[in-house]
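Visitor: quick one, structure for this:
(one chain, ligands or ions: 4)
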Amino acid sequence: AIERDLKIALETGTGLWLALQPLFAENGKTIVGAEALIRWNHPEHGLLSPAIFIPVAEERGLIAELGTFVLREACRIVKELDIAWLAVNFSALQFRDRALASKVLACLAEFGVTPSRIQIEITETALIGDFEAMSSTLAELREAGIRIALDDFGTGYSSLGYLHRCHFDKIKIDRSFISQLNGSGSTDAVVKAVMELANAFSMKVTAEGVETPSQWRELAAMGCRELQGFLFSKPVTQDEFKALLRKGD
Ligand code: G
Ligand code: G
Ligand code: MN
Ligand code: NA
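Guide: Ligands and ions are numbered 1, 2, ... in the order given. Model (predicted):
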C-alpha cells in the first residue's frame with residue numbers, strides 16, 4: 001500500500017516536501033548552507049520519515065523518480081532562499097543510471113541554478129557497488145561545479161583508497177562519533193585524526209548531530225568549520241527557515 005501511495009504522491013506531487021536543516025559556521029550563528037531532508041504527509045498515516053519510505057522507493061524502482069522530485073524541489077527552493085547552497089541526499093541506486101550526471105546538470109540549467117549552489121551527499125555504502133561508474137559520474141558532476149559530500153562518514157566502508165581515487169569536496173562525520181566526544185576519549189582522537197585526514201585530501205569537514213555546547217566547543221577547538229545538529233536547529237519547514245535567516249541578519 002505504501003508503494004502504491006508513494007507512486008501516486010510522486011505522480012501528483014502531493015504530500016511530499018523538503019524539510020531544511022541549516023548548517024552553521026563555527027560561531028553557531030552564521031548559516032552557511034542547508035541540507036534538504038524529504039518528508040511525506042501521508043493521507044492516512046500522517047507524517048512519514050524517509051527512513052520508512054526511502055527503502056520502499058529503492059526496492060520498488062521508484063528511487064529515480066523520487067530523486068528527480070527532490071532535485072527539482074531543491075532547485076526551486078535554492079532560487080527562492082538567500083542561501084549559498086543546498087545539499088541533497090542521493091541514493092546509491094540513483095547512480096545506476098549512467099546518464100545521471102547529464103540529467104542533473106540539465107535540471108539545474110532548466111531552473112537557472114549555478115552548480116555551486118547544489119551539493120550532493122552520498123553515503124560510503126554507495127561506493128561499494130560499481131566503483132568505476134560511480135566515480136566517473138561524480139567526476140562529471142564535480143567538473144561542472146557541483147560539490148560532493150561523503151555522508152555518515154565512519155559508519156560504512158570507505159578506505160583510504162576510495163578517498164584517494166575518488167575526490168570528495170567534503171566529509172560529514174557521522175553523529176555516532178560526535179555523540180561520543182567527551183574531551184579526552186578515543187573517539188576524540190578519532191575525530192581529530194579524521195579532520196587531519198580531510199586536510200590532507202583538501203576536503204572540508206562537517207560535524208553532524210551536534211547536540212551539546214561541549215561538543216560544539218570541542219569541535220570548534222579542533223578546527224571544524226561547519227556544524228549541523230539539534231543544538232543549533234532541527235530540520236524545519238521552508239517558512240521556518242526563512243525566519244531563521246531573518247533572525248541571523
Ligand atoms: O531526516 P531524517 O529522519 O530526516 O532522515 C532519515 C534518513 O533519510 C537519512 O539517512 C537521510 O539521509 C535520508 N534522506 C532524507 N532525505 C532524503 C532524500 O531526499 N533522498 C534520499 N535518498 N535519502 C534521504
Ligand atoms: O543520514 P543523514 O545524515 O543524511 O541524515 C540526517 C538525519 O539526521 C536526519 O534524520 C536528521 O533529522 C537527523 N539529525 C540532524 N541533526 C541531528 C542531531 O543533532 N541529532 C540527531 N539525533 N539527529 C539529527
Ligand atoms: Mn545527509
Ligand atoms: Na549522517
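Visitor: so the longest strand anywhere in the chain, near ligand 4 or not?
Guide: Criterion DSSP state E: the longest strand present in the chain is strand 31-42. No: Strand 31-42 does not reach ligand 4 (Cβ under 5 Å from the ion); its nearest approach is 9.3 Å. All C-beta spots, glycine's among them, are computed from the backbone N, C-alpha and C.
Visitor: next secondary structure element downstream of that strand?
Guide: Sequence order places strand 46-48 as the next helix or strand after strand 31-42, per DSSP states H and E.
Visitor: that older thread, for the longest strand of the chain, buried residues please.
Guide: 31, 32, 33, 34, 35, 36, 37, 38, 39, 40, 42 (16 or more other Cβ atoms under 10 Å).
Visitor: what strands line up against that strand, and which way round?
Guide: Using DSSP bridges, the strands paired with strand 31-42 are strand 16-24 (antiparallel), strand 46-48 (antiparallel), strand 86-89 (parallel).
Visitor: which bits of the chain sit near ligand 3?
Guide: Residues of the chain lying near ligand 3 (Cβ under 5 Å from the ion): 89, 121, 151.
Visitor: dump those residues to TSV, plus neighbour count and distance to residue 137.
Guide: Shown next, in TSV, are these (neighbours: other Cβ atoms under 10 Å; distance: Cβ to Cβ, whole Å):
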residue	neighbour count	distance to residue 137
89	19	16
121	20	14
151	26	16
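Visitor: could you dump the residues you listed to a markdown table with distance to residue 207 and pLDDT?
Guide: What follows is those, written out as a markdown table (distance: Cβ to Cβ, whole Å; pLDDT from 0 to 100):
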| residue | distance to residue 207 | pLDDT |
| --- | --- | --- |
| 89 | 17 | 98 |
| 121 | 14 | 98 |
| 151 | 13 | 96 |
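Visitor: just those residues that are near ligand 1?
Guide: Residues of the residues of the chain next to ligand 3 in contact with ligand 1 (Cβ under 6 Å from any ligand atom): residue 89.
Visitor: out of the residues of the chain next to ligand 3, flag the one nearest to ligand 4.
Guide: Comparing the residues of the chain next to ligand 3 against ligand 4 with Cβ to the ion picks out residue 151 as the nearest, at 5.1 Å.
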